[in-house]
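# Sequence and predicted model, in that order:
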Amino acid sequence: MRIRIVDAFTDRPFTGNPAAVLLLEGDAFPDDAWLMRVAAEVNLSETAFAHPLPEGGAADWALRWCTPTTEVDLCGHATLATAHVLRTTGAATGTIRFTTRGGLLTATAGDDGSITLDFPTAPLTAVEVPDTVPAALGADVVSAHDTGSVVGDLLVELADETAVRSLTPDLAAVARLSHRGIIVTARADDPSLGHDVVSRFFAPASGIDEDPVTGSAHTALAPFWAPRIGLTDLTGLQASARTGIVRTELRGDRTLLTGNAVTVIDGELLAT
């Protein structure tokens, strides 16, 4: 069985967010325990498993995503990575439709080699800043929003880009928070540098201390920042050590996420 590692939301190897992609034969997934063992062995923030569906249905491929410790409902970078593999190997062309735990998702390749994902917009609800959050982050918090059941994270606004970049959170304390993970964001200090907003994402309770680039987080960042900045099209820089760029377009209850991807490793999984 082929296994590929793809750097997503980047056009350069060894940056962006790496995801493993396995295209499965047949019309069903292997048992859950096997999926989790593979994801734990790969030990990336996400491993994507996809199998083809019969022609004529609402979707072309079934897609699931697993962290080293759990299965998730929505994942942007591993969906981008899967679409990249399907496109570059010739397994799929045109717009690719995925059925997932997060609903029907699509991926469309652009003429410039980028891929645009069509994802549900996260429903934001303003909440009181929990007392534990500033202490866990080691930073003052401007506002906090719940991102809904599918994304399942807490979005936290900080004062400026410097505050986001300089964070050194207490990961054990972050893991004890009630949400799956925490999205930390601020407006860019200098938009002329090519990005409108910055963010970082921490989910130690799901086996991801810091995710390099998080597509699902941008389904919340887009509706959060669009009315504040006055733009529906935004460029987000995720300021992790690897960094990555996610271009977003807010379309009501849907958010388009656009980025590039690069295959870095193409190998064989022997323990099938």
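Everything's here; your move.
# quick one: the helices in this structure?
32-42, 76-88, 132-137, 148-151, 161-165, 171-175, 215-229 (DSSP state H).
# Compute the inter-axis angle for the second one and helix 215-229.
This points to helix 76-88. For helix 76-88 against helix 215-229, the angle by axes from the mean of the first three to the mean of the last three Cα atoms, to 10 degrees is 110 degrees.
# Give the rounded mean pLDDT of helix 76-88.
In this model, helix 76-88 has a mean pLDDT of 98.
# Output it as PDB - backbone C-alpha positions only.
Written as PDB, here are the backbone C-alpha positions of helix 76-88 (Å, rounded to 0.1, in the frame of the first residue of the first chain):
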ATOM      1  CA  GLY A  76      -8.300  21.200   6.200                       C
ATOM      2  CA  HIS A  77      -4.600  20.400   5.600                       C
ATOM      3  CA  ALA A  78      -5.100  16.600   5.300                       C
ATOM      4  CA  THR A  79      -8.000  17.200   2.800                       C
ATOM      5  CA  LEU A  80      -5.800  19.500   0.800                       C
ATOM      6  CA  ALA A  81      -3.000  16.800   0.900                       C
ATOM      7  CA  THR A  82      -5.500  14.100  -0.200                       C
ATOM      8  CA  ALA A  83      -6.800  16.200  -3.100                       C
ATOM      9  CA  HIS A  84      -3.200  16.900  -4.100                       C
ATOM     10  CA  VAL A  85      -2.300  13.200  -4.200                       C
ATOM     11  CA  LEU A  86      -5.500  12.300  -6.200                       C
ATOM     12  CA  ARG A  87      -4.700  15.100  -8.700                       C
ATOM     13  CA  THR A  88      -1.000  14.400  -9.100                       C
END
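# Which among the helices of the chain is found nearest to Cys66?
Counting by Cβ to Cβ, Cys66 lies closest to helix 32-42 out of the helices of the chain; the figure is 3.7 Å. For glycine as for every other residue, the C-beta is placed from the backbone atoms N, C-alpha and C.
# name the helices or strands packed onto the closest one?
In terms of contacts (3 or more Cβ pairs under 8 Å, 6 or more residues apart in numbering; DSSP states H and E), helix 32-42 is packed against strand 17-23, strand 46-52, strand 61-66, strand 71-72.
# neighbouring strands for the first one, and are they parallel or not?
What it means is strand 17-23. If you go by DSSP bridges, strand 17-23 pairs up with strand 2-8 (antiparallel), strand 46-52 (parallel).
# what sits against Phe206?
Quick fix: residue 206 is Ser, not Phe. With contacts defined as Cβ atoms under 8 Å, 6 or more residues apart in numbering, Ser206 is in contact with Thr67, Thr69, Thr70, Val72, Arg180, Gly181.
# I'd guessed the second one sits against Gly207; true?
Yes. Under the criterion of Cβ atoms under 8 Å, Thr69 is in contact with Gly207, at a separation of 3.7 Å.
# Show me which of these two is the more surrounded one.
Gly207 (17 against 12; other Cβ atoms under 10 Å).
# Now the more buried one. Its backbone dihedrals?
phi 80, psi 10 (degrees, to the nearest 10).
# Report the contact partners of it.
Applying Cβ under 8 Å, 6+ apart, we find Gly207 in contact with Ser45, Thr67, Pro68, Thr69, Thr70.
# now, which of those residues sits nearest Ala173?
For the contacts of Gly207, the nearest to Ala173 is Thr69 (18.4 Å; Cβ to Cβ).
# what sits against the closest one?
Per Cβ under 8 Å, 6+ apart, neighbours of Thr69: Met36, Ala40, Ser206, Gly207.
# Using PyMOL, make a named selection holding only the buried ones among the contacts of Gly207.
A single PyMOL command selects the buried members of the contacts of Gly207 (16 or more other Cβ atoms under 10 Å):
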select buried, resi 45+67+68
